[in-house]
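[1] quick one, structure for this:
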Amino acid sequence: MNTQLPPDTTAERLAQVRWIAGGTAAGKSTAARALAEQYGVEIFNGDRAEHSWLARCTPQRHPHLAALRGTPPGGGWEGRTPEQVFRSMAGLHGETVDFLVDDLDDLDELCERCGRCGRGTAERLVVVDYFGILPDHLAPLLTRPEQAVFLLPTPEFRAEALRARYADRQRARATWGSGDPSDLLALRLARDALWDREVRRQAERHGLDVVTVDGSVPAAERTRWLAARFGLAGPGGGQPPHR
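    As a prediction, the model looks like this:
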């Protein structure tokens with residue numbers, strides 16, 4: 001893994017990467033898909049990539065990530081407080097960063113070998129859609145603040161979205177196992193509130209944008225703003241739809 005490279009060198013290598021991070025149920029994946037459909041960017045889905053990271057991590061270097069291996073659905077939640085779940089998150093401790101960088105480097109190498117699109121790596125933009133990285137760990141990977149946006153839902157918006165998501169009993173069982181979905185959803189909402197608070201605190205320190213999602217701004221308007229912010233459509237200035 002490329003852990004010995006200086007942060008500024010890593011940032012230069014990732015200059016064509018844009019980041020949509022933040023909280024659960026904020027519409028990160030919806031926004032990334034819209035950018036891909038309208039502007040032809042490539043999406044890197046960090047949530048899916050985590051499955052391969054579990055096989056690559058080590059208890060010595062990634063204790064919180066490695067602890068998830070073999071954990072049954074709901075096993076990381078039952079019998080714990082929101083604070084305990086929050087403190088056990090691999091992203092809180094920066095354990096996902098090296099894997100992200102390595103995978104994005106691999107994308108560049110694959111693009112250079114393929115060459116079918118006729119564009120060089122320096123012209124190809126990748127949008128990372130990922131929940132589990134905080135501003136403190138993302139800031140060293142950026143050459144400028146406009147490369148990253150953190151989307152955070154209001155508590156009401158998130159609760160409604162997650163209740164709808166887990167109304168599917170099969171999906172609820174796959175996530176929570178035999179645990180009570182109502183109790184575990186309440187635990188997750190409380191955990192996510194702690195994550196959101198940490199994102200806001202760190203983002204302010206680094207001057208990174210946080211956009212509040214409450215359902216009042218059409219997804220198309222947010223997509224247009226992100227496209228401008230990321231340099232896909234016109235100047236990247238202006239205020240976010242909601243701060």
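[2] any low-confidence regions in this protein?
    Of all residues in the chain, those with pLDDT under 70 make up the ranges 1-8, 108-123, 234-243.
[3] tell me which residue is most central in it.
    Note on the chain: the residue nearest the mean C-alpha position is residue 130, at 1.8 Å, using Cα atoms, centre = their mean.
[4] and the residue nearest to that residue when sequence neighbours are not counted, how close does it get to residue 214?
    By the measure of Cβ to Cβ, 6 or more residues apart in numbering, the closest residue to residue 130 outside its immediate chain neighbours is residue 46, 2.7 Å from it. To be clear about C-beta, it is placed using only N, CA and C from the backbone, and glycine gets the same treatment. Counting by Cβ to Cβ, to the nearest Å, the gap from residue 46 to residue 214 is 24 Å.
[5] for residue 137, same thing?
    Distance from residue 137 to residue 214, by Cβ to Cβ: 27 Å.
[6] looking at these two, which has the bigger crowd around it?
    residue 137 (19 against 13; other Cβ atoms under 10 Å).
[7] return stretch 218-236 as PDB; C-alpha atoms alone will do.
    Provided in PDB are the C-alpha atoms of stretch 218-236 (Å, rounded to 0.1, in the frame of the first residue of the first chain):
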ATOM      1  CA  PRO A 218     -34.900  19.300  -5.900                       C
ATOM      2  CA  ALA A 219     -32.200  16.700  -6.700                       C
ATOM      3  CA  ALA A 220     -31.700  18.200 -10.100                       C
ATOM      4  CA  GLU A 221     -30.800  21.600  -8.600                       C
ATOM      5  CA  ARG A 222     -28.300  20.000  -6.300                       C
ATOM      6  CA  THR A 223     -26.800  18.000  -9.200                       C
ATOM      7  CA  ARG A 224     -26.400  21.300 -11.200                       C
ATOM      8  CA  TRP A 225     -24.600  22.900  -8.300                       C
ATOM      9  CA  LEU A 226     -22.300  19.900  -7.800                       C
ATOM     10  CA  ALA A 227     -21.500  19.800 -11.500                       C
ATOM     11  CA  ALA A 228     -20.400  23.500 -11.300                       C
ATOM     12  CA  ARG A 229     -18.600  22.900  -8.100                       C
ATOM     13  CA  PHE A 230     -16.700  20.000  -9.500                       C
ATOM     14  CA  GLY A 231     -15.800  21.800 -12.700                       C
ATOM     15  CA  LEU A 232     -18.100  19.800 -15.000                       C
ATOM     16  CA  ALA A 233     -20.400  22.600 -16.100                       C
ATOM     17  CA  GLY A 234     -19.200  26.200 -16.000                       C
ATOM     18  CA  PRO A 235     -17.600  28.000 -13.100                       C
ATOM     19  CA  GLY A 236     -17.400  26.200  -9.800                       C
END
